[in-house]
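J.: Next come a sequence and a model predicted from it.
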Protein chains: 2
Amino acid sequence: MDRHIAPVELKKAYRLVNHGPTVLVSARHDGVDNVMAAAWACGLDFMPPKLTVVLDKSAKTREFVERSGMFVIQVPTAAQIRLTHAVGSHSLAERPTKLSDAGVTLFDIEGQDLPFVAGCSAWLACRLIPEPHNQQAYDLFIGEVVAAWSDTRVFRDGHWHFESADPELRSLHYIAGGSFYAIGESLQIDPAAE
Amino acid sequence: MDRHIAPVELKKAYRLVNHGPTVLVSARHDGVDNVMAAAWACGLDFMPPKLTVVLDKSAKTREFVERSGMFVIQVPTAAQIRLTHAVGSHSLAERPTKLSDAGVTLFDIEGQDLPFVAGCSAWLACRLIPEPHNQQAYDLFIGEVVAAWSDTRVFRDGHWHFESADPELRSLHYIAGGSFYAIGESLQIDPAAE
């Protein structure tokens, strides 16, 4: 594991996705790994941390999530904009070399039988909470975050540090048609003064 | 209605929240209006556009949504950071003057019996799709977007223009404890070249 990667305590894991980044979803089934992009991922609860993610019926990753009951939500960086767009544009079903074509490198984390995408800024290992009606009617999946990690160059001590980190580590926020925004300026108010 | 506000065609309405901004949720019941902040709002479908939003059981706005079956999701701006934090920190139940204390000005849009927050960059009028299990078990609400509008100084022709608009019009992305990020730099890739 990269020396910059460290665990994030579960009660602060929601902060990894609270600012609404586009994420990568990865899953493993029967020895095969896959990765897709998802703009529609969102916090759902603080503790235990839960999140939602929308997975289209055409996505092979969705099938792996349904079969294995586990997945990873990870936060890609500005440096990974092409990788993110590529894994969001092709399906493993029609392109077996999808991951290598997109330049995806996977790595392991001890104790987790899941594929983690190298180069991201945060990783949340999730257990699927099966909700068949949501999955069928809305493509909506609910996961409980069981463990989380971050790249400490940009998230440490429970806080993002986008403003002082390399701009290449900023999160991506997808709009449409190849158009993204990076996260921007830090704006802080004093809650006690409000 | 402000001269900068114009309708957004429904098939492009998902783009108003696709980048994961913190939003304001407003609703009206029995002649009373309320507004709250929500970091957990997310796209769910393109057409008809749907979205999810998490509304805590302690929120008065939630009660108004459940009773009226309608709500507005709006995208506040960097200029509204204090307003956003304030309506997210207090409940109408314990502070009847919450909206005026937070500096909220509401306006009407013809044909909509809903309270719209002035000064935002986008507004999505939503009809609740009742899902009692999600609402009770997860505080998770699903809405179908029935109409949408934007401030054309920052969203027009189906696209955000944060990079050329006044920085005060940038969207807010909440983390925790009074800490927000504004949306940042535009990053564009050519989908045809990928």
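T.: Received it, and whenever you're ready, just let me know what you need.
J.: switch to C-alpha atoms for all contacts and neighbour counts from now on
T.: Fine.
J.: Next, the contact list for A:P191, please.
T.: With contact taken as Cα atoms under 8 Å, 6 or more residues apart in numbering or on different chains, A:P191 is in contact with B:G177, B:G178.
J.: Can you report phi and psi for it?
T.: A:P191 adopts backbone torsions of phi -60, psi -30, taken as degrees, to the nearest 10.
J.: Point to the residue nearest the middle of chain A.
T.: A:Q74 (2.3 Å; Cα atoms, centre = their mean).
J.: Does anything pack onto the longest strand anywhere in chain A? Which helices or strands?
T.: Taking DSSP state E as the assignment, the strand of chain A that covers the most residues is strand A:140-151. Packed against strand A:140-151 by the contact rule (3 or more Cα pairs under 8 Å, 6 or more residues apart in numbering or on different chains; DSSP states H and E) you find strand A:5-7, strand A:50-54, strand A:122-129, helix A:132-138.
J.: give me the element the residue nearest to the centre of chain A is part of.
T.: strand A:70-75 (DSSP states H and E).
J.: Which strands border that strand, and is each parallel or antiparallel?
T.: For strand A:70-75, the paired strands and their directions (DSSP bridges) read strand A:23-29 (antiparallel), strand A:122-129 (antiparallel).
J.: and the angle from the first one to strand A:50-54?
T.: This points to strand A:23-29. Our comparison of strand A:23-29 with strand A:50-54, counting by axes from the mean of the first three to the mean of the last three Cα atoms, to 10 degrees, yields an angle of 90 degrees.
J.: quick one: contacts of strand A:23-29?
T.: Applying Cα under 8 Å, 6+ apart, the set of residues contacting strand A:23-29 from outside is A:33-39, A:41, A:61, A:64-65, A:67-68, A:70-76, A:84, A:113-117.
J.: quick one: that strand to chain centroid distance?
T.: Per Cα atoms, centre = their mean, to the nearest Å, the displacement of strand A:23-29 from the mean C-alpha position of its chain is 8 Å.
J.: rewinding a little: which of the contacts of strand A:23-29 are buried?
T.: A:33-39, A:41, A:61, A:64-65, A:68, A:70-76, A:84, A:114-117 (16 or more other Cα atoms under 10 Å in any protein chain shown).
J.: Filter those residues down to just the ones in helices.
T.: Secondary structure assignment (DSSP state H) places A:T61, A:F64, A:V65, A:S68, A:T84 from these within helices.
J.: interface residues of chain A facing chain B?
T.: A:15, A:18-22, A:39-45, A:54, A:81-82, A:86, A:138, A:140, A:173-191, A:194 (Cα under 8 Å from any Cα of the partner chain).
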